[in-house]
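*Asks:* kindly generate the corresponding structure for this input.
(one chain, ligands or ions: 3)
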Amino acid sequence: MTKVHVFDHPLIQHKLTYIRDINTGTKEFRELVDEVATLMAYEITRDLPLKEVEVETPVCKATSKILAGKKLGIVPILRAGIGMVDGILNLIPAAKVGHIGLYRDPETLLPIEYYVKLPSDVSERDFILVDPMLATGGSAIEAVNSLKKRGAKNIKFMCLIAAPEGVKALTEAHPDVDVYIAALDEKLDEKGYIVPGLGDAGDRLFGTK
Ligand SMILES: O=P(O)(O)OC[C@H]1O[C@H](OP(=O)(O)OP(=O)(O)O)[C@H](O)[C@@H]1O
Ligand SMILES: O=c1cc[nH]c(=O)[nH]1
Ligand SMILES: [Mg+2]
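*Replies:* Ligands and ions are numbered 1, 2, ... in the order given. As a prediction, the model looks like this:
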């Protein structure tokens, strides 16, 4: 059964308000997405395994904990997912980064895959799949299909804003994928945009359109 986590941390909610704001320009938008991705990564890595090691402090020898070295992979869904990668790498710099290129056909709203490049040891890694927006869910479902087809077994999906329709579709299609969201919005409009949302995440990140 999928777990859906909504991160209601005040810092995340505060920054998300400015991300939504139509008056926030590209530079600030990019910085804020980067910061929220770091804060979400802090929450999402809570269950990373630790191991005990010996350490010598200036006072005495002690037993203390370090990360057990689980292999992680971050996979942004292009384009907009790229905006979240550096923020996550700030906290887990040893993670490898794969890329899945998908765009949503504006007429059918169906995802079209155009690029996939993943670390060679896919089946040994746990993956965090990232995209700022989960709208109909088509892109996330297709990206998880693509990861699983290549051997990924343990996948988390992380996004800034989700529509209820997308959460339902993704959790039904992939009940083993936990979903991490900064805000669960109201609905989709007739063009498949999240309401209230933030508009087109890729365009706002990269200054296109
Ligand atoms: O849940 P869905 O209905 O599939 O919609 C969400 C997708 O739409 C956006 O990408 P877009 O197609 O705009 O591509 P882009 O990132 O290149 O702008 C967004 O970044 C998601 O990938
Ligand atoms: O609201 C939406 C929906 C899909 N993709 C976006 O970038 N924004
Ligand atoms: Mg876009």
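*Asks:* so L147 is in which element?
*Replies:* Assigned by DSSP states H and E, L147 belongs to helix 138-149.
*Asks:* that helix close to ligand 3?
*Replies:* No. Judged by Cβ under 5 Å from the ion, helix 138-149 and ligand 3 are separated, with a smallest distance of 9.7 Å. Every residue, glycine included, has its C-beta placed from N, CA and C.
*Asks:* tell me the mean pLDDT for the helix or strand just after that helix?
*Replies:* The helix or strand immediately downstream of helix 138-149 is strand 154-162, counting by DSSP H and E. Strand 154-162 carries an average pLDDT of 98.
*Asks:* next one: strand 154-162 to chain centre, how far?
*Replies:* 4 Å (Cα atoms, centre = their mean, to the nearest Å).
*Asks:* next, the angle strand 154-162 makes with the helix or strand following it.
*Replies:* Remark: after strand 154-162, the chain's next helix or strand is helix 164-173, criterion DSSP H and E. Counting by axes from the mean of the first three to the mean of the last three Cα atoms, to 10 degrees, helix 164-173 lies at 170 degrees to strand 154-162.
*Asks:* mind listing residues that contact helix 164-173?
*Replies:* With contacts defined as Cβ atoms under 8 Å, 6 or more residues apart in numbering, helix 164-173 is touched by 2, 4, 134-138, 140-141, 144, 157, 177, 179, 181, 184-188.
*Asks:* could you rerun that using 10 Å?
*Replies:* 1-4, 6, 133-145, 157, 159, 162-163, 177-179, 181, 184-188, 192, 194 (Cβ atoms under 10 Å, 6 or more residues apart in numbering).
*Asks:* show me which residues of the chain sit near ligand 2.
*Replies:* The chain comes close to ligand 2 at residues 80, 133, 135, 192-194, 197, 200-202, as judged by Cβ under 6 Å from any ligand atom.
*Asks:* try 8 Å this time
*Replies:* By Cβ under 8 Å from any ligand atom, the residues of the chain that approach ligand 2 are 80, 104, 132-133, 135-136, 161, 163, 188, 192-195, 197-204.
*Asks:* of those, which belong to helices?
*Replies:* 201-204 (DSSP state H).
*Asks:* possible to save these as a markdown table with neighbour count?
*Replies:* A markdown table is the format used below for those (neighbours: other Cβ atoms under 10 Å):
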| residue | neighbour count |
| --- | --- |
| A201 | 25 |
| G202 | 21 |
| D203 | 13 |
| R204 | 22 |
